[in-house]
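Asks: what's the 3D shape of this:
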Amino acid sequence: MEYCKRCCYPANTKPMILLDEQEICSGCRFMEQRPKIDYAKRRKILKDILEEYKLRAEKSGNPYNCIIPVSGGKDSHFQTYFMKEVCGMNPLLVTYNHAFNTEIGIRNLNNLVSKFGCDLIRFTSSPESARKISRYMLRKVGDVTWHYHAGIKTFPIQVAVKYDIPLMIWGEEGFADMMGMYRNEDMLEFSKKVRQEHDMRGFEPDDILNDSENKEITRKDLAPFYYPSEEDIDAVGVRGLYLSNFVEWNAKAQTEKMIKEYDFETTEGKERTFNLYDKNDDAANEVHDYLKYLKFGYGRATDDASHEIRMGRMTREEGVDMVAKYDSVKPSSLKTYLEFMDMTEKEFLQSIDNMRDPEIWEKNASGEWIVKDSIVNHKKEAGVEEARIPQEKERTGFIKNTCPGTSRSGAEKSGGYVVL
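Replies: Below you'll find the model as predicted:
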């Protein structure tokens, strides 16, 4: 397997990453261009857009001039802070309750509403709906949290149409930042196409209903995942902006501000990564990430280490050490979700056998899956020094992990899942 000479991503990174002639990935090249962006100019563009939608809401008598899709996490806090406190907007917060909540996630969502005085609409899927969809999507695409991604990228659009609030403010466009799938100058906006290809894994609700292999999922289970018609979207003029296109995005600095000034809370420890301030609201995230490792041979620690390397807060060698420590760890919360889905671990593993990337996985003589290669085998090789970027004085924070593969996970601390 080929690996980026600067970060830790393999060539089989999903949904897509490209290595250039210097074997530096498209995500690293994307981040190289960030310092060249004129953010003062972009802030002016954003200000003009927001003024337009403020005026529209005022004329129509709508109390809300934008929607912010939220989970209660660090980005949700920062988006709400920036829109309300910096830009003077009056957002309506919208979230999708996936039934896999952590205690800290519920606490942070309540904190978000309380600290910023915003109204919140929340759609809650029943645990039975979540169970059926999780079992189905595990076998289809190897993802037990499909309904979460589908919900947060669809239900807010339903609300936008229903309440005639055209402007939506998303946080970071992750596929540009992580994979370099788009150029900085593209200033990509949210669209049904982006949602369908990435978050929906190519599935729309009717695809599931019409699938002969679906024996239990009903239209009621899929209600929050139906995207409004083109006619309804056009009538309201729904538009989705990514805030990271307009402000210099620094998740670590933003999180520190939210902790200090707005009482955002991080977890004490994680089993599959060193990053303690991200993905804390979803108790199934470590299982979701473990599935990524089982399919493609890399996990969340690769994502987090690669980001920190690109920010100059971690060396590639330090990043490789983090990947070696965390990426292959089987989360203790897996037991909780096997019970939730009424499935054995053997059935769980067999469900994704055909999804394992043959470039990275093979069976040994005993019939056990083994990894053929890892970034650990490419820690020191030609081209790494030439690809290295200058290191910042500020080093990676939030890495004092109290449970790297040994203590309780967020799922166990919250009893697996909590319905609110």
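
Asks: Next, the contact list for residue 136, please.
Replies: 208, 213-214, 216-217 (C-beta atoms under 8 Å, 6 or more residues apart in numbering). Heads up, the C-betas are built off the backbone N, CA and C, glycines and all.

Asks: Next, the contact list for residue 132, please.
Replies: With contacts defined as C-beta under 8 Å, 6+ apart, the neighbours of residue 132 are 216-217, 221.

Asks: Need the buried ones from these selected in ChimeraX.
Replies: The following ChimeraX line selects those of those that are buried, judged by 16 or more other C-beta atoms under 10 Å:
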select :217,221
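
Asks: Could I get the contacts of residue 132 in a markdown table, plus columns for secondary structure and pLDDT?
Replies: Below are the contacts of residue 132 laid out as a markdown table (DSSP: H, G, I helix; E, B strand; the rest coil; pLDDT from 0 to 100):
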| residue | secondary structure | pLDDT |
| --- | --- | --- |
| 216 | coil | 96 |
| 217 | coil | 98 |
| 221 | coil | 97 |
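
Asks: Quick one: residues contacting residue 10.
Replies: Counting by C-beta under 8 Å, 6+ apart, residue 10 has contacts 1-4, 296-298, 302, 360, 375.

Asks: ok, now how distant is it from residue 317?
Replies: Using C-beta to C-beta, to the nearest Å, we find residue 10 at a distance of 17 Å from residue 317.

Asks: cool, and residue 20?
Replies: Taken as C-beta to C-beta, the span from residue 20 to residue 317 is 22 Å.

Asks: now residue 175
Replies: Taking C-beta to C-beta, one finds residue 175 at 27 Å from residue 317.

Asks: follow-up on the earlier one: ok, so of the contacts of residue 132, who is nearest residue 112?
Replies: Among the contacts of residue 132, residue 221 lies closest to residue 112 (C-beta to C-beta), at 27.5 Å.

Asks: pretty sure residue 320 is touching residue 379, no?
Replies: Yes - contact criterion C-beta atoms under 8 Å: residue 320 and residue 379 qualify, at 4.8 Å.

Asks: which of these two has more neighbours?
Replies: residue 320 (24 against 17; other C-beta atoms under 10 Å).

Asks: Among the contacts of residue 132, find me the one that's closest to residue 152.
Replies: residue 221 (16.6 Å).

Asks: And for that closest one, nearest residue in space, chain neighbours not counted?
Replies: Nearest residue to residue 221, sequence neighbours excluded (C-beta to C-beta, 6 or more residues apart in numbering): residue 129, at 4.1 Å.

Asks: my guess is the one you found meets residue 219, correct?
Replies: No - using C-beta under 8 Å as the test, residue 129 is too far from residue 219 to be in contact (11.0 Å).

Asks: Counting neighbours, go ahead and name the busier of the two.
Replies: residue 129 (20 against 11).

Asks: what about that one, helix or strand, and which?
Replies: helix 127-141 (DSSP states H and E).

Asks: what's near enough to touch the residue nearest to residue 221?
Replies: Residue 129 touches 147, 220-221, counting by C-beta under 8 Å, 6+ apart.

Asks: Try it again at 10 Å.
Replies: 98-99, 147, 217-218, 220-224 (C-beta atoms under 10 Å, 6 or more residues apart in numbering).

Asks: same check, this time on residue 32
Replies: 6, 24, 180, 184, 310, 389.

Asks: how close does the fifth one get to residue 344?
Replies: The one in question is residue 310. The gap separating residue 310 from residue 344 is 40 Å, by C-beta to C-beta.

Asks: between the two, which one's more packed in?
Replies: residue 310 (24 against 10).

Asks: okay, stretch 16-34 in PDB with CA atoms only?
Replies: Taking Å, rounded to 0.1, in the frame of the first residue of the first chain, the C-alpha atoms of stretch 16-34 are listed here in PDB:
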ATOM      1  CA  MET A  16     -11.200   9.300  -2.500                       C
ATOM      2  CA  ILE A  17      -7.700  10.600  -2.100                       C
ATOM      3  CA  LEU A  18      -5.000  11.200  -4.700                       C
ATOM      4  CA  LEU A  19      -1.200  11.000  -4.300                       C
ATOM      5  CA  ASP A  20       0.800  13.300  -6.600                       C
ATOM      6  CA  GLU A  21       4.300  12.700  -8.100                       C
ATOM      7  CA  GLN A  22       5.900  13.600  -4.700                       C
ATOM      8  CA  GLU A  23       3.500  11.000  -3.100                       C
ATOM      9  CA  ILE A  24       1.800  13.800  -1.100                       C
ATOM     10  CA  CYS A  25      -1.900  13.500  -0.800                       C
ATOM     11  CA  SER A  26      -4.600  15.800  -2.100                       C
ATOM     12  CA  GLY A  27      -5.700  16.600   1.400                       C
ATOM     13  CA  CYS A  28      -2.300  17.800   2.400                       C
ATOM     14  CA  ARG A  29      -2.100  19.900  -0.800                       C
ATOM     15  CA  PHE A  30      -5.500  21.400   0.000                       C
ATOM     16  CA  MET A  31      -4.300  22.500   3.400                       C
ATOM     17  CA  GLU A  32      -1.100  24.000   1.800                       C
ATOM     18  CA  GLN A  33      -3.300  26.500   0.000                       C
ATOM     19  CA  ARG A  34      -5.300  27.700   3.100                       C
END
